[in-house]
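Asker: mind folding the following:
(one chain, ligands or ions: 1)
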Amino acid sequence: MKTTKPLFRFDLISLMPEMFQALTDYGVTGRAFKSGIIEMNLCNPRQFAKDAHNTVDDKSYGGGPGMLMMVEPLVKAIESLKDTQRKKGFKSAKVVHMTPRGKSLSHQLVRELLKEESLIIVASRYEGVDERINDWVDEEISVGDYVMSGGELPAMTLMDCLIRQLPGVLNDEESASQDSFVDGLLDHPHYTRPEVYRGIKVPDVLMSGDHEKIRTWRLKESLRQTWNKRPDLLAERLLTKEESRLLQEVKREQEQGPYN
Ligand SMILES: C[S@@+](CC[C@H](N)C(=O)[O-])C[C@H]1O[C@@H](n2cnc3c(N)ncnc32)[C@H](O)[C@@H]1O
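Answerer: This is a model prediction of the structure:
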């Protein structure tokens, strides 16, 4: 069923708008677009180029390899999108530029961005963008310490993280509330049929039907995963009494080794 006003609107500035079909046509995000919970508008900055070839890139002053995206087509695209958003009754139109030098994408940053109701996301290409674009950008975001060929996949990563947190996007079984990072811990291990695979058995507690025991096991295994794989997360988090006790158990078990 179509809702009247979407919960979130994305305006994308990209030279390769077709790439965003990966989000609109598949899975959880595809469903959210079809239901009208979210709305996306794609803007190719070539439409704001000034010459017959729709040029949007040029050589870098001072020399060096590669081309840069020119500032004017991008600024014109941002201004035109802000104007459209205003006319459609959206309050805020924060401008985000996906760039390796930006703030690292995290669950916390996603929570902050969810306070907006619309975003204009610039997905750039080439060697990057004329630095003067920053007078029109509110936030620079990176998806990690590596360089990709363009901002489209980083933009889709950000959008997917935001979309799955919006109310009504996930059903109960898919609930995001128990995902990794949501409460500062990694997710616990999961198992499905068969009960035994090549001699490897599903932990007995999960077959016990005892909900309290299962809850405690999951919390403990969540702490174990976090302790072993991302101890930095535990350093940032205050543990409850139960969590501290379970973490001590994990540490003791690991000190003793698997055969003691
Ligand atoms: C080839 S990259 C440019 C890299 C730039 N010369 C540098 O060294 O930082 C082209 C575009 O891909 C996007 N991009 C690449 N890696 C990214 C990352 N880790 N996070 C966010 N965007 C990224 C940015 O939009 C960037 O302008």
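Asker: now do whichever helix or strand residue 111 is part of, average pLDDT.
Answerer: Following DSSP states H and E, one finds residue 111 within helix 107-113. In this model, helix 107-113 has a mean pLDDT of 97.
Asker: how about the residue of the stretch 101-250 of the chain at minimum distance from the ligand, what does it touch?
Answerer: When distances are taken as Cβ to the nearest ligand atom, the stretch 101-250 of the chain reaches nearest to the ligand at residue 151, 2.9 Å away. (C-beta placed from N, C-alpha, C; glycine too.) Listed by Cβ atoms under 8 Å, 6 or more residues apart in numbering, the contact set of residue 151 reads 14, 97, 98, 99, 121, 122, 123, 124, 125.
Asker: report the buried residues of the helix holding residue 111.
Answerer: 107, 109, 110, 113 (16 or more other Cβ atoms under 10 Å).
Asker: residues in contact with that helix?
Answerer: So helix 107-113 is contacted by 94, 96, 103, 119, 141, 158, 161, 162, 165, 181, 182 (Cβ under 8 Å, 6+ apart).
Asker: redo those as JSON lines? Include neighbour count and pLDDT.
Answerer: Output for these, formatted as JSON lines (neighbours: other Cβ atoms under 10 Å; pLDDT from 0 to 100):
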{"residue": "94", "neighbour count": "15", "pLDDT": "96"}
{"residue": "96", "neighbour count": "23", "pLDDT": "98"}
{"residue": "103", "neighbour count": "13", "pLDDT": "98"}
{"residue": "119", "neighbour count": "24", "pLDDT": "97"}
{"residue": "141", "neighbour count": "23", "pLDDT": "98"}
{"residue": "158", "neighbour count": "23", "pLDDT": "98"}
{"residue": "161", "neighbour count": "19", "pLDDT": "97"}
{"residue": "162", "neighbour count": "21", "pLDDT": "98"}
{"residue": "165", "neighbour count": "19", "pLDDT": "95"}
{"residue": "181", "neighbour count": "15", "pLDDT": "92"}
{"residue": "182", "neighbour count": "14", "pLDDT": "89"}
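Asker: how about the residues of the protein near the ligand?
Answerer: 98-101, 123-125, 127-128, 142-144, 146-151, 154 (Cβ under 6 Å from any ligand atom).
Asker: and if we set it to 5 Å?
Answerer: 98-100, 124, 127-128, 142-143, 147-148, 150-151, 154 (Cβ under 5 Å from any ligand atom).
Asker: make a ChimeraX selection of the buried ones in these.
Answerer: To isolate the buried ones among the residues of the chain next to the ligand in ChimeraX, judged by 16+ other Cβ under 10 Å, type:
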select :98,99,100,124,128,142,143,150,151,154
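Asker: mind putting the residues of the chain next to the ligand in CSV, pLDDT, secondary structure and distance to residue 234 included?
Answerer: Formatted as CSV, the residues of the chain next to the ligand follow (pLDDT from 0 to 100; DSSP: H, G, I helix; E, B strand; the rest coil; distance: Cβ to Cβ, whole Å):
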residue, pLDDT, secondary structure, distance to residue 234
98, 98, strand, 30
99, 98, strand, 30
100, 98, strand, 28
124, 97, coil, 36
127, 96, coil, 39
128, 95, coil, 36
142, 98, strand, 24
143, 98, coil, 24
147, 98, coil, 30
148, 98, coil, 30
150, 98, coil, 36
151, 98, coil, 33
154, 98, helix, 28
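Asker: pull the most distant pair out of the residues of the chain next to the ligand.
Answerer: 127 and 143 (18.0 Å; Cβ to Cβ).
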